[in-house]
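Asker: here's my sequence, what's the structure:
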Amino acid sequence: MKLKPLLAALFSLAGASVSLLAHADITVGVTLSATGPAASLGIPEKNTFALMPTTIAGQKVSYVVLDDASDTTTAVKNTRKLIAENKVDVIIGSTTTPNSLAMVDVAAEAETPMIAMAAGARIVEPMDAKRAWVFKTPQNDAQMATAIVEHMTSNNVKTVAFIGFSDAYGEGWWNEFSKIAEVRKIKVVANERFNRTDTSVTGQVLKVLAARPDAVLIGGAGTPAALPQKSLKEKGYKGTIYQTHGVANADFLRVCGKDCEGTLLPAGPVLVATQLPENNPIKKVALDYVGKYEAAHGKGSVSTFGAHAWDAGLLLADALPRALKQAKPGTPEFRKALRTALESTRELTATHGVFNLSPQDHLGFDQRARVMVRVENGAWKLVK
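Answerer: Below is the predicted model of the structure:
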């Protein structure tokens, strides 16, 4: 081929590449726990991504969703695959705190923004060079632990026992709850742990009962958190049982059954959206999500976990137009611009609360992000 035609062809190809870049899709990589012990949390998250918008600010958005089977190693492998092979612009995931913590290093190394759907405060705190790339949508343990302790002190609870997961979720809850309880003069008389995959907690429950606490806090999530509660009831415990916001779905109610009656827990407002007062700013957004999800999966199918995924989508829908003004998708510059755009989120009303993010705060929720809920007749009831 002669030089001039060759140069013309190369310039033509270069022009086509630039044109493709200008119209590149925004690619969202997702890893979640659709199977394994955390499946009752991950399935509604997976269902929610099917409801996400495929166009934002005139740009096509594609979602690559992988299952990590509630396994930390698989979550890390998925994250590496999404970044290296799928060239994603942002990572959303994972479902559990241990998985999300393990993903932080990978996302930071690749300088790819990550939005976790897990609650542990350590995912985004303390802020450092790695966590500068990581955001999350669930309420922090400390916010929810404070709500529990406030309810305990208002109801004359003097002693409490803790039984939680033997992983980062349980440890995070123990650290926050025990600290706040001590300040409020509530004596913690037992601290027991169990694994998500355990089939018996008899030994731990007998130790809890021997301590004769006024109340018990179960620091678990999903259906595995029903195990100690059922065991406590079976052994005749008559005190108050508290759970964390990690159990706020219908599967927990189904597995726990009648042993759940009277259980108290803090939760995101979306769990009781229809019961919120009309002047609550979150109600409209929460009801919109509930309507979309239940239209696809049936009445009563909505959970707070799917809503964490929806809120991640709301964060992206708010931040992407700002990032697109700075760079093109598929580039390091765009990923950096998206991180900066997420940090500039202000007064964004979501299903769980109102986001006000900053370079120092990658959650940005205040007390509007929590309500107290009681299980009554197998359903969630807002505690007013």
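Asker: Lys233: neighbouring residues, count only.
Answerer: Using other CB atoms under 10 Å, Lys233 has 18 neighbouring residues. (C-beta placed from N, C-alpha, C; glycine too.)
Asker: what about the strands in the stretch 51-200 of the chain?
Answerer: Remark: strands assigned in the stretch 51-200 of the chain by DSSP state E, counting those that start in this stretch are 55-56, 59-67, 90-93, 114-116, 134-136, 159-165, 187-194.
Asker: with distance to Ser303, mean pLDDT and mean neighbour count as extra columns, can I get these in a markdown table?
Answerer: Shown next, in a markdown table, are those (distance: least, CB to CB, whole Å; pLDDT from 0 to 100; neighbours: other CB atoms under 10 Å):
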| stretch | distance to Ser303 | mean pLDDT | mean neighbour count |
| --- | --- | --- | --- |
| strand 55-56 | 24 | 96 | 14 |
| strand 59-67 | 17 | 98 | 17 |
| strand 90-93 | 17 | 98 | 28 |
| strand 114-116 | 17 | 98 | 28 |
| strand 134-136 | 17 | 98 | 26 |
| strand 159-165 | 19 | 98 | 25 |
| strand 187-194 | 23 | 98 | 18 |
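Asker: need those strands in TSV with distance to Leu276, can you?
Answerer: Conversion of the strands of the stretch 51-200 of the chain to TSV gives the following (distance: least, CB to CB, whole Å):
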stretch	distance to Leu276
strand 55-56	28
strand 59-67	29
strand 90-93	26
strand 114-116	25
strand 134-136	23
strand 159-165	29
strand 187-194	32
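Asker: for Ala34, which of those strands is the nearest?
Answerer: Closest approach to Ala34 among these is made by strand 59-67 (4.3 Å; CB to CB).
Asker: elements contacting that closest one?
Answerer: strand 26-32, helix 39-49, helix 72-84, helix 304-324 (3 or more CB pairs under 8 Å, 6 or more residues apart in numbering; DSSP states H and E).
Asker: among those, which is the most enclosed?
Answerer: Across the helices and strands packed on strand 59-67, averaging neighbours per residue (mean count of other CB atoms under 10 Å) puts strand 26-32 on top, at a mean of 26.
Asker: how many neighbours does Gly330 have?
Answerer: 17.
Asker: quick one: buried residues of stretch 260-275?
Answerer: Going by neighbour count (16 or more other CB atoms under 10 Å), the buried part of stretch 260-275 is Cys260, Thr263, Leu264, Leu265, Pro266, Ala267, Gly268, Pro269, Val270, Leu271, Val272, Ala273.
Asker: which parts of the stretch 251-384 of the chain are strands?
Answerer: Applying DSSP E, counting those that start in this stretch to the stretch 251-384 of the chain gives strands spanning 264-267, 348-349, 354-355, 371-376, 379-382.
Asker: any chance of a markdown table for those, columns mean pLDDT and distance to Phe252?
Answerer: Output for the strands of the stretch 251-384 of the chain, formatted as a markdown table (pLDDT from 0 to 100; distance: least, CB to CB, whole Å):
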| stretch | mean pLDDT | distance to Phe252 |
| --- | --- | --- |
| strand 264-267 | 98 | 10 |
| strand 348-349 | 98 | 27 |
| strand 354-355 | 98 | 26 |
| strand 371-376 | 98 | 9 |
| strand 379-382 | 96 | 10 |
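Asker: tell me which of those lies nearest to Met52.
Answerer: Going by CB to CB, the one of these nearest Met52 is strand 348-349, 16.2 Å.
Asker: ok so, going back, just the strands of the stretch 251-384 of the chain: most buried one?
Answerer: strand 264-267 (a mean of 25).
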